[in-house]
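Colleague: here are the coordinates; sequence isn't available:
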């Protein structure tokens, strides 16, 4: 069976300026497992780590990070507290810190959001999403893409993410990573398969039903690859060869400036340019090229107040 890859690419020019919208992370609290007690042991006789577990569970339920910080210091002094339990407590604390950081970030309180994140004792996918939103707020698009990619990696790590987010949440993080790298004008991190449940991904399964937007840059108004565009095309070539794809569709796009006729021609020429460059880089797959001009712009990202130049950039 043929491996089918469909790629979109857009003209991107470096600009600056954006704010964040509401964060996409939904905090799912996972309290540590309750203590296992002998039936003959009374509550008063509980000592060490076990004596504090009910307080920890209550503090997590109340989202009381101050109390949890004090309890964590106490738990660290207990020789009988297993590392797995301590990690569960830290994970819950990080989720609470991420939720609070996301809430204040919605109000535009970036400095306060950073303070909350500093109180997270470990990285979880939720904390990295908020860090990505903060980077997006500062127009640090490459950093934002890195944070969102870190969130995806953490979601994939069963040791860190014991409760899987919903597929909608995973899709939102994935889309944020794509949006940030489009605005960064370069491929940041790995090229990931779109719309595939992450836990089902394998290195050889390629069946992309919709386009993957690639930030392959061209010089304005033409079909000559910029230096950044050449680097992104190299990464695309490496990925196609790694996947051993036999068929690739390249669809070129433009911004909204100019007539349909001119943009249709340029977008087709751009896809041909990428095809030619892929051939030079050793891609032997069958490649179909197409151009949509300005007829099919990408949906806007969830960050608000993008400039017209940034919208065109996408």
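Modeller: Cool, the structure landed. This one's a predicted model, so the numbers in the text were calculated from it and none came from an experiment. Numbering: from 1, shown residues only.

Colleague: quick one: list the elements packing against the helix or strand harbouring residue 58.
Modeller: Here residue 58 is covered by helix 53-61, with elements defined by DSSP states H and E. Other helices and strands packing on helix 53-61, by 3 or more CB pairs under 8 Å, 6 or more residues apart in numbering; DSSP states H and E, are helix 65-76, helix 83-106. Every residue, glycine included, has its C-beta placed from N, CA and C.

Colleague: for it, what is the distance to the chain centroid?
Modeller: 31 Å (CA atoms, centre = their mean, to the nearest Å).

Colleague: I'd like the numbering to begin with 757 instead of 1 from here.
Modeller: All right, first residue 757 from here; so that's helix 809-817.

Colleague: for that helix, buried residues please.
Modeller: Buried residues in helix 809-817, defined by neighbour count with 16 or more other CB atoms under 10 Å: 809, 811-813, 815-816.

Colleague: re the thing from before, now the helices and strands packed on helix 809-817 in a markdown table, with distance to residue 923, mean pLDDT and mean neighbour count?
Modeller: As requested, the helices and strands packed on helix 809-817 are arranged in a markdown table below (distance: least, CB to CB, whole Å; pLDDT from 0 to 100; neighbours: other CB atoms under 10 Å):
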| stretch | distance to residue 923 | mean pLDDT | mean neighbour count |
| --- | --- | --- | --- |
| helix 821-832 | 29 | 96 | 16 |
| helix 839-862 | 19 | 96 | 21 |
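
Colleague: for this protein, what spans make up the strands?
Modeller: For the chain, the strands defined by DSSP state E cover 760-765, 968-970, 1003-1008, 1042-1047.

Colleague: now the ones you listed as JSON lines including mean pLDDT, mean neighbour count and distance to residue 848?
Modeller: Putting the strands of the chain into JSON lines (pLDDT from 0 to 100; neighbours: other CB atoms under 10 Å; distance: least, CB to CB, whole Å) gives the following:
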{"stretch": "strand 760-765", "mean pLDDT": "48", "mean neighbour count": "21", "distance to residue 848": "40"}
{"stretch": "strand 968-970", "mean pLDDT": "86", "mean neighbour count": "21", "distance to residue 848": "35"}
{"stretch": "strand 1003-1008", "mean pLDDT": "92", "mean neighbour count": "22", "distance to residue 848": "44"}
{"stretch": "strand 1042-1047", "mean pLDDT": "94", "mean neighbour count": "16", "distance to residue 848": "49"}
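
Colleague: would CSV of those with distance to residue 888 be doable?
Modeller: Formatted as CSV, those follow (distance: least, CB to CB, whole Å):
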stretch, distance to residue 888
strand 760-765, 22
strand 968-970, 17
strand 1003-1008, 27
strand 1042-1047, 32
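
Colleague: residue 933: which of those strands is closest?
Modeller: strand 968-970 (11.0 Å; CB to CB).
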